[in-house]
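> Here is my input, please return the structure:
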Amino acid sequence: MKKILFTYFLFFISFSLTYATHNRAGEITYRQISDMTYEVTILIYTNSLSAADRRDIEIQWGDDTQSVIPRSEIVFLPNYYKRNKYIGIHTFPGPGTYVLVVEDPNRNLGVQNIPNSVNVVFSIKTIMRISDDIGFNNTPVLTTPPIDKAAVGKLFIHNPGAFDPDGDSLSYKLTQCTGENGQEIPGYTFPQTSNAFYVNEITGDLVWDTPVQDGVYNVAMFIEEWRNGVRIGKIERDMQIDVYDVNNNPPVLVIQDKYCIEADSVLHFLVSASDPDNEQVTLTATGGPFLIDNTPAHFEQNTTGSGTVSTYFTWMTNCYNVRKQPYQVIFKAQDNNPELQLVSQKNVNIYIIGPAPKNLQLTPTNNSIAVHWDVSNCDNVKGYKVYRKTGSSDFVPDVCQTGVPFSTGFKLIAEMEGLHNTTFIDNNIGLGLMQGYNYCYRVTACFADGAEGYSSVEVCSDLIRGIPVITNVSINNTDSLNGSVYLAWAKPTELDTLPSNPNGPYKYLIYRSFDLWGTNLALIDSLDHLEDTTYVDTLINTKSTPISYKIELYNDSTGKRFLIGAPGIASSVFADPVPDDNKIILNIKKNIPWHNLTYTIYRQNELTLNFDSIGFTENHLYVDSGLANEKLFCYKIKSSGMYPTGGFVDPIINFSQITCIAPADTSPPCTPELQVVSVCDSLRNELSWTNPNSSCADDVISYNIYYSPLMDVEPVLIKNIQPAWKTSWEHYPSSTMAGCYHITAVDSFLNESPKSLKICIDNCSFYKLPNIFTPNDDGINDLFVPVESYFVEKVDMKIYNRWGMLVFSTDDPQIKWDGRNAENKRRVSSGVYYYVCDVYEKRLTGLEHRTITGFVQVMAEDAGTKLK
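The predicted model follows:
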């Protein structure tokens with residue numbers, strides 16, 4: 001206790017002597033009034049002992065204007081804090097992003113993590129976006145003051161208690177405190193910690209685990225606002241934490257983390273706390289539910305108990321409380337330790353969920369189902385979502401589950417706009433629902449911010465059996481001219497229940513298309529009797545393509561002819577073989593309205609010529625392996641299926657066409673791994689690679705080598721290497737050693753592997769100049785020429801004497817200077833000459849130049865003589 005009193009005595013002396021050392025924490029928020037006009041609130045927390053007193057404050061609006069705003073409210077808080085509120089109204093010039101900045105000359109004295117804090121500018125800022133795409137927007141309301149206390153060695157958690165009145169998503173981020181012009185403060189450090197110091201980006205908890213040194217600390221965080229996945233604003237909050245070294249333990253709160261409740265219900269739960277030191281405990285709560293205008297939550301603030309304390313949180317919710325984001329309530333328990341009152345807190349998320357649509361009803365026809373439900377009791381419902389699944393589910397949503405999750409098997413099939421739009425006709429987007437299935441539906445209510453309510457109960461129905469249901473499209477005979485197909489269907493059994501009241505006579509129309517999907521349907525025949533449910537289609541090509549059919553049922557009475565309905569299109573099973581090395585890959589293709597469960601594969605016996613079963617699959621692919629290449633094999637496939645609702649032929653058996661094919665090696669071998677090494681003194685590139693026959697193939701016979709002298713030019717084939725055991729090659733390029741290489745492997749069927757990774761190497765640098773020559777016409781060293789000069793396109797050589805005068809220049813890579821002055825043709829004097837040479841070399845990326853400089857000694861016996 002003495003230590004704390006002494007600390008406050010020092011604070012009092014310091015602030016009495018320094019009038020401007022007072023800013024401790026703050027934030028800027030705003031509320032939109034009209035399209036471009038906003039009410040901005042600035043909260044600044046200062047030391048109440050300081051003589052400095054800001055009656056007004058300047059704000060930079062971010063549009064090259066500023067205003068001085070008078071103070072509108074003062075609130076004196078415990079522990080010598082004072083809250084100053086400034087409210088200003090500003091109209092912005094138009095859409096855009098604006099940075100609102102408030103600065104004050106000085107922070108308070110003695111902030112541990114800000115060097116010389118008393119002379120550091122205090123600044124806060126808020127970033128806002130004005131856009132027609134965003135619409136009206138208000139910043140979150142921060143319900144917890146930015147001042148707090150912590151103890152050395154004790155876990156500290158602070159939450160700003162942000163509540164967004166528009167229901168926007170919020171995220172949080174730790175940042176550094178800022179000074180002049182909103183810039184980071186030089187030398188600023190985050191508080192020292194024994195374990196971790198961070199901000200939870202989802203909950204907003206600032207966690208200090210744990211303080212190690214007492215004193216005053218300032219930290220800052222961003223509260224970011226998001227709408228439809230786009231960040232629309234950001235608040236920078238600067239807060240102050242007083243850390244004390246005391247022997248005290250914080251209270252313990254007992255409460256769950258999350259509650260979910262249906263709108264128009266009462267949320268009622270107990271909040272309890274106890275103190276390990278058996279001290280008096282006081283409960284408080286802050287958060288969005290207490291700020292609701294029409295039905296705010298209720299909590300007995302400052303409820304106190306000795307050692308333990310309990311009280312209830314109660315909220316009578318309504319439909320206007322429904323939102324996608326949870327409401328956050330921060331409960332705090334504070335002890336009354338005389339040395340330092342410690343606080344523990346717990347964040348509770350409350351989800352208010354829209355009610356499920358009631359009285360879901362289905363009205364089926366022969367190809368559609370009308371889904372109807374009651375208008376929601378919530379008049380702020382924006383619309384509804386309709387989900388469908390074939391077959392029932394066991395989905396029972398828990399109290400926090402909204403919508404209909406994808407894992408249930410339901411698919412979203414419609415989004416209805418409007419509160420009273422409560423009927424949806426499901427006809428599968430005009431294609432018609434298929435007979436033989438049980439269709440199940442769920443409906444949810446949706447709200448303006450994207451919130452989705454509880455799912456309705458599940459309701460299911462079959463279609464009315466008022467149309468023929470196709471069951472068989474089976475190939476009887478495979479031939480390009482004389483093929484035949486067996487068709488069968490189930491006759492309608494509920495014609496008398498159809499609204500169109502068809503009373504006959506009836507006629508079936510049969511359509512055919514030579515493809516899977518019925519894209520070119522043509523009428524081929526008709527049947528006049530309802531009991532006629534089979535048909536054989538003859539004299540057609542069943543060998544090369546699948547065939548699909550559709551059967552329409554007409555009421556065919558005179559003067560009352562109309563289409564009663566048509567089943568879904570059904571195709572034959574089509575065996576599509578692909579030859580491979582010692583195997584045949586059978587692709588099974590079909591387009592049917594029933595479910596095929598298994599496929600039996602038959603292969604013709606070369607001795608008996610019968611088709612023997614060799615295997616089955618539930619998939620649409622079968623591999624027949626261990627076959628001899630270049631030998632013909634013939635196959636057909638039998639499918640076995642059913643309609644899920646029953647009442648039809650079961651199993652449904654159909655056969656594919658007969659298809660014959662010979663295996664062939666069409667699979668490329670594995671790609672060799674390539675390495676390239678330059679041997680500069682021999683002007684060659686050595687290539688080496690792995691042999692795929694050693695790892696994943698057995699029939700590689702040769703390799704193709706591809707080369708390009710430039711990196712950005714695709715390599716071309718330059719060499720075929722064989723046999724397969726030869727895995728190296730020396731390449732002597734003609735114009736440059738630079739280049740890029742690929743290699744591929746080629747097998748005995750001339751299948752080529754994918755190209756290897758491109759390996760590129762650059763040129764060796766060969767251009768070297770001597771440091772002496774003797775131009776005396778004795779035939780030895782008479783010319784200044786390069787020692788090495790490979791792969792040089794040109795040079796820009798300039799040679800100077802000791803006085804800097806140019807005596808020779810050339811672009812010839814061989815230089816060939818004979819020791820004479822280029823201007824007067826006289827032999828230069830013996831001595832040292834300086835040169836600068838730009839060398840243009842052929843490199844991997846093209847023609848590149850480098851500059852070399854140096855000296856050459858000229859030893860001339862006949863200096864000054866002219867060239868004859």
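
> Thr727: neighbouring residues, count only.
When neighbours are defined as other Cβ atoms under 10 Å, Thr727 has 16 of them. Backbone N, C-alpha and C define where each C-beta goes, glycine included.

> Also Gly804?
As a burial measure, Gly804 scores 7 neighbours (other Cβ under 10 Å).

> Can you name the residues that contact it?
By Cβ atoms under 8 Å, 6 or more residues apart in numbering, no residues touch Gly804.

> cool, Arg843 as well?
Shown in contact with Arg843 (Cβ under 8 Å, 6+ apart): Thr736, Ala738, Asp762, Asn763.

> dump the residue contacts of the last one.
It refers to Asn763. By Cβ under 8 Å, 6+ apart, the residues touching Asn763 are Thr736, Met737, Ala738, Phe791, Glu841, Lys842, Arg843, Leu844.

> rerun at 10 Å
678, 680, 709, 733, 736-739, 790-792, 841-844, 848 (Cβ atoms under 10 Å, 6 or more residues apart in numbering).

> coming back round to it: which two among the contacts of Arg843 are spaced furthest apart?
Pairwise distances among the contacts of Arg843 were taken by Cβ to Cβ; the largest, 9.5 Å, belongs to Thr736 and Asp762.

> Now the common contact residues for the two.
Common contacts of Thr736 and Asp762 (Cβ under 10 Å, 6+ apart): Glu841, Arg843, Leu844.

> For the closest residue to Leu419 other than its chain neighbours, grab the count of nearby residues.
Once flanking residues are discounted, Leu419 sits nearest to Val381: 5.1 Å by Cβ to Cβ, 6 or more residues apart in numbering. Look at Val381: counted by other Cβ under 10 Å, it has 22 neighbours.

> Give me the distance between Val381 and Tyr351.
17 Å (Cβ to Cβ, to the nearest Å).

> before we move on, what about Phe197?
30 Å.

> same thing with Glu848?
65 Å.

> Of the two, which one has the most company?
Per other Cβ under 10 Å, whichever of Glu848 and Tyr351 has more neighbours is Tyr351, with 19 against 15.

> After the one helix or strand the more buried one maps to, which helix or strand is next?
Counting by DSSP states H and E, the element that carries Tyr351 is strand 343-353. Going down the chain from strand 343-353, the next helix or strand is strand 361-364, by DSSP H and E.

> before we move on, back to that, now intersect the shared contacts of Thr736 and Asp762 with the strands, please.
Of the shared contacts of Thr736 and Asp762, the ones assigned to strands by DSSP state E are Glu841, Arg843.

> Residue ranges in this protein under the pLDDT threshold?
In the prediction, the chain carries residues with pLDDT under 70 at positions 1-21, 496-501, 861-868.

> Tell me how far Met642 lies from Asn619.
18 Å.

> More neighbours: which of the two?
Taking neighbours as other Cβ under 10 Å, Met642 and Asn619 compare with Met642 leading, 17 against 8.

> close enough to count as contact, that one and Pro651?
Yes - between Met642 and Pro651 there is a contact at 5.8 Å, judged by Cβ atoms under 10 Å.

> what touches both of these two?
Trp594, Asn596, Leu597.

> Confirm that the second one lies within a strand, as I assumed.
In this case it means Asn596. Yes - assessed by DSSP: H, G, I helix; E, B strand; the rest coil, Asn596 belongs to a strand.

> quick one: contacts for it?
The contact partners of Asn596, taken as Cβ under 10 Å, 6+ apart, are Val573, Ile588, Lys590, Glu618, His620, Ser639, Ser640, Gly641, Met642, Pro651, Ile652, Asn654.

> What of the last one?
Going by Cβ under 10 Å, 6+ apart, Leu597 touches Glu618, Ser639, Ser640, Gly641, Met642, Pro651, Ile652.

> And those, which of them are buried?
Ser639, Gly641, Met642, Ile652 (16 or more other Cβ atoms under 10 Å).

> Out of the residues you listed, which two are the most distant from each other?
Ser639 and Met642 (10.9 Å).

> what residues are shared contacts of the two?
In contact with both Ser639 and Met642: Trp594, Asn596, Leu597, Pro651, Ile652, using Cβ under 10 Å, 6+ apart.

> From Ser393, how far out is the first one?
Spelled out, it's Trp594. Using Cβ to Cβ, Trp594 is found at 21 Å from Ser393.

> Would you mind telling me which of the two has the busier surroundings?
Between Trp594 and Ser393, Trp594 has the larger neighbour count (other Cβ under 10 Å), namely 26 against 15.
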